[in-house]
Every structure is written in C-alpha cells, then in structure tokens.
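Enquirer: Quick check, what structure comes out for this input:
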Amino acid sequence: MRILILAIITLGIIGCTEDYGTVTVTYQEATALYGNIDDVRAEPLNEPVRDIHDPGKIYLGNDFILIGEEQEGIHVIDNSDPLNPIAVNFINLPGNKEYFVKGNYIYAESYYDVVKVNIADKHNAILESRAEFVFQDLWKNEEGKSLIGFSYEEKTETFDAGDDFYEQVLAENEIYLDYAKNIIPKSALPSSFAGSGSKVSGTANRVTYAKDHVYVIGNTSMYVIADSDQGLSKVSLSDNFSRIGEGMETIFPYENNLFVGSRSAVNIFNISDPQHPVEAYEFEHATACDPVLPADGVAYVTLRTADFSACPGNTNSLLVLDTRNTNDVKEEKEITMTSPYGMTLKGNELYVGEGDNGLKIFDVSNKYKPELIKTINDVKAFDVIPHPTNSNLTLTTGPNGISQYLVEGNSESLTWQSSISY
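Expert: Numbers count the residues shown, from 1 in each chain. Reported below is the predicted structural model:
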C-alpha cells in the first residue's frame, strides 16, 4: 500500500505558459513509509554528530544550541565560545519536528508520541518518559505494518489554472490522508527558535509547557499531556475542545493564558485549570501566517502572506493588541510590513525578522505604539532571539543558517560573530 500526500509547503510557482492558462508548481511529494513502531521506539537515543541538512526548531541555551533536524532528531552544539560553536552530539528522535525546552528537559513529538528527554549531560541524553499515541492510534497498511514516517521527493507539474488539485494546493498548501491529518504540520517558518521555559522564547512554536502540562497543536486539535513524577500522560478532553479549528500555527503561554495563533485569528485560552483550557476570546484578523508574542497587557502579531506560498494572500503587517482584558481584546495599531516572520522583545525594543528583507527594530517604550528605529537590510532573519545570559549577543535564523551578532550601543550596530551553516 502506497500513500502519497503533498508536503506542507508548496515551494513556489516557477513558470507559466504564454497564454497564462496553465501554471507550473514545484512541491514536495511525501510517500508513506511502513515498519515496526516498537523497533523505532527502541532505537538508540544518542548518535554521532552529523551534518545539518533540513533544520527546523532551534533552542538557545546559556552555553549550547539545539538544532532540530526535521523528522530525525536534534543536533547538540557547544556554544560556550560563540566565535566557535562545535557539534557534540545528535539526539535521535524519529519523526520529530517540534519541541519545547524547560530547564534540563526536552518535550518533543516523535511520530505518534510525545517524549521527555533529560539533557543535563549534553553528551548523553536520557529518555525519561514517553506518552504513546498522543496524536493518533497506530495506523497500519494492508500487510499489518505500521506507518512510521514519510520520504520526500521534489516534483514539478503543470496544471490548468482552474484545476481542482491546483486550487486545493493553493488554498491549503497541504493535502493529507489518514494519519498525517492529525500530526503536527511543518512550520510555515523555514527555521525558527523553539519555545522554552525561560524568558527568552521563540514565537513560532506548536509545542509549549505551562503549569506542569505540555500543550501541542496539530492540524485541527490541541493535545494536553500531564507531566508528573509518574511520567507523561495524555489528558482526555471532549471533542468540543480538542477540535478547535483548522489552520492553527503557533502557541505561546503567558501567565494564566495560552495564545494560539491561527491563519484567521488569535485565540486566548485560560488555563487556570491546566487540564481543561477554556477559550476566553477570539480576535479575528485577515487570513495569514501569524506568530504571536504576548507581554504585559499587550500582544504583538505578525501577519505574513505571499502569492503561491504557505500563507497565500496580500496582508503583511504587525498588529498591536491590547490584552489587558482577555475577554475583550482590542486592536491598538497596525503597522505595514514587507514579509514579517518571527519576533522577540529585548528590553524596550521589538525585533521583527523579515526574511530576505532584513531585520526591523521598533521602540516599544510605549508598548501600544511601536515606533520604527532602524531597518538592517544586510541581516536576513526569519526569526530573532537575544542570548539568555549575554545581553550583548543576539541570534538570528536566516536562509543560510544561524548567525550570532554582537549588539553595540542602542542596537545601532550588529557585528557578526559566527554562523552555523546549513
């Protein structure tokens, strides 16, 4: 049995015929792979270092960096000398795309499961707990073998502009069958910083941690996993809550709330009872990819669209939301942007990555009325984050890898220190 699905992100439109009646699309085709899930779960956790080929989530620690390898695991980089980062280990986590870091623990998806990994010793990670079949019951083919992943191949095809298949790709940028409908989709950001339990955290996460619970958003559902001395365990939720809508993209905890960004709204869930989140408010916006960064009484939302991308449309802006009353959120300001991706707060400054269009820095002394300070065109940034302990160091993810910059003055100058290329 062979299942074909379209991978999450259409790579682009690469050409048209002269009469504009057809369109040529390059996309990723994924073929289902089958095997024994118990054998996959039994694979060694620590493996020799390897090259980075398909980076995903990136975590920045005090003296180390974690770099996700899509579907395979996590590279461990010694960053005690920012001028010379060195790979020291590879944590083997088949099927992983998303993870969250809290203290010495990684909470990560691994195909059907969510795992808790102790990384106190960066050279020897230890599997502490596993919650099995969080996302879906075991899917098997006609031969009784388990679905354990997908292989990807780039395809280029020409379609009529009105073809149903093409229209579905353009509208959804994903076509799933069976098991893949429930798993966590690939992030709309090429690479971005992972969520963490520290004050320094990325804004484009699908896994987060709050009040001894792990929260994960898949394609249409939110999953809640309790973390206790007895290990990880999935929390049973009613269908009314778990299926909260299509197009969910990001989740970010702040105080007693979870801020969930979808392609058409920002949803705020109260987690006073962490096992039973309750939706407090839905703020609707134009359809777009939307990382959300909540702070004290305010939330910053980047809306990004582009034709023939994972976020089709024509809206590119930074929204400022007044969230002092989470039952009545108000839009304070909308700032036109070019291609906003991830963002971070550093003191009274808001950094917003715009991919190939550079890095923008806003003064948010008045948090509801950001003012543009500077645009740095030669720093290509999908996402940006300050170092957790070195206030003079800022990192970005870009088209060619991770870069570390020395921040001098009042963000007047960013001096390149080193890069981890991929």
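Enquirer: Every contact and neighbour count from this point should use C-alpha atoms.
Expert: Fine.
Enquirer: now stretch 280-299, how far from the centre of its chain.
Expert: Offset of stretch 280-299 from its chain centre (Cα atoms, centre = their mean, to the nearest Å): 16 Å.
Enquirer: Also stretch 328-344?
Expert: Worked out by Cα atoms, centre = their mean, stretch 328-344 lies 18 Å from the chain centre.
Enquirer: For it, measure first residue to last.
Expert: End-to-end distance for stretch 328-344, by Cα to Cα, to the nearest Å: 24 Å.
Enquirer: what is the rounded mean pLDDT of that stretch?
Expert: Mean per-residue pLDDT for stretch 328-344: 93.
Enquirer: likewise stretch 116-124?
Expert: Here stretch 116-124 scores 97 as its mean pLDDT.
Enquirer: what's the span of it, first residue to last?
Expert: End-to-end distance for stretch 116-124, by Cα to Cα: 14 Å.
Enquirer: And the helices in this protein, which stretches?
Expert: 37-41, 164-172, 239-242 (DSSP state H).
Enquirer: remind me which residues of the protein are low pLDDT?
Expert: Along the chain, segments meeting pLDDT under 70 span 1-20, 25-29, 152, 161, 164-189, 219, 238-247, 286-288, 306-313, 409-412.
Enquirer: what does stretch 121-133 rub up against?
Expert: With Cα atoms under 8 Å, 6 or more residues apart in numbering as the test, stretch 121-133 has contacts from 45-46, 76, 88-89, 91, 112-119, 225, 231-234.
Enquirer: swap in stretch 350-370?
Expert: Identification of contacts with stretch 350-370 by Cα under 8 Å, 6+ apart yields 298, 320-322, 332-333, 338-345, 348-349, 371-384, 398-399.
Enquirer: Just the buried residues out of these, in PyMOL syntax.
Expert: Listed next is the PyMOL selection for buried residues among those, using 16 or more other Cα atoms under 10 Å:
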select buried, resi 298+320+321+322+338+339+340+341+342+343+344+345+349+371+375+376+379+380+381+382+383+384+398
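Enquirer: Which of the contacts of stretch 350-370 fall in strands?
Expert: 298, 320-322, 332-333, 343-345, 349, 371-376, 383-384, 398 (DSSP state E).
Enquirer: And residue 400, its phi and psi?
Expert: The phi/psi pair for residue 400 (degrees, to the nearest 10) reads phi -110, psi 0.
Enquirer: Next up, the contacts around it.
Expert: Residue 400 neighbours (Cα under 8 Å, 6+ apart): 421-422.
Enquirer: Check residue 383 too.
Expert: Contact analysis of residue 383 by Cα under 8 Å, 6+ apart lists 191-193, 202, 341-343, 352-353, 355, 396-398.
Enquirer: for residue 257, which residues make a bridge with it?
Expert: residue 254, residue 270 (DSSP bridges).
Enquirer: ugh, wrong one, residue 282
Expert: Going by DSSP bridges, residue 282 forms beta bridges with residue 267.
Enquirer: which residues are contacting stretch 92-103?
Expert: 40, 43-47, 56-57, 59, 68-74, 106-111, 148-149, 184, 186, 194-198, 205-209.
Enquirer: Please repeat the previous calculation with a cut-off of 7 Å.
Expert: 44-47, 56-57, 68, 70-74, 106-111, 149, 186, 194-197, 206-208 (Cα atoms under 7 Å, 6 or more residues apart in numbering).
Enquirer: swap in stretch 79-87?
Expert: 49, 63-65, 76-78, 417-418.
Enquirer: Straight-line length of that stretch, end to end?
Expert: Termini of stretch 79-87 sit 9 Å apart (Cα to Cα).
Enquirer: Show me what counts as buried in that stretch.
Expert: Buried-residue list, stretch 79-87, by 16+ other Cα under 10 Å: 79, 82, 85-87.
Enquirer: now for the residues you listed, which pair is the farthest apart?
Expert: The largest separation in the buried residues of stretch 79-87, counting by Cα to Cα, is between 82 and 87 at 12.5 Å.
Enquirer: so how far is stretch 274-287 from its chain's centroid?
Expert: Worked out by Cα atoms, centre = their mean, stretch 274-287 lies 19 Å from the chain centre.
Enquirer: How far does stretch 22-39 sit from its chain's centre?
Expert: 20 Å.
Enquirer: Give the buried residues for stretch 357-365.
Expert: Taking 16+ other Cα under 10 Å as the criterion, stretch 357-365 shows 357-364 as buried.
Enquirer: I meant stretch 289-305, not that one.
Expert: Buried residues in stretch 289-305, defined by neighbour count with 16+ other Cα under 10 Å: 289-294, 298-305.
Enquirer: One more: stretch 382-397?
Expert: 382-388, 393-397.
Enquirer: Would you quantify the distance from the residue nearest to residue 389 when sequence neighbours are not counted to residue 103?
Expert: Spatially, and ignoring its direct neighbours in sequence, residue 389 is nearest to residue 62 (6.2 Å; Cα to Cα, 6 or more residues apart in numbering). From residue 62 across to residue 103, the span is 11 Å (Cα to Cα).
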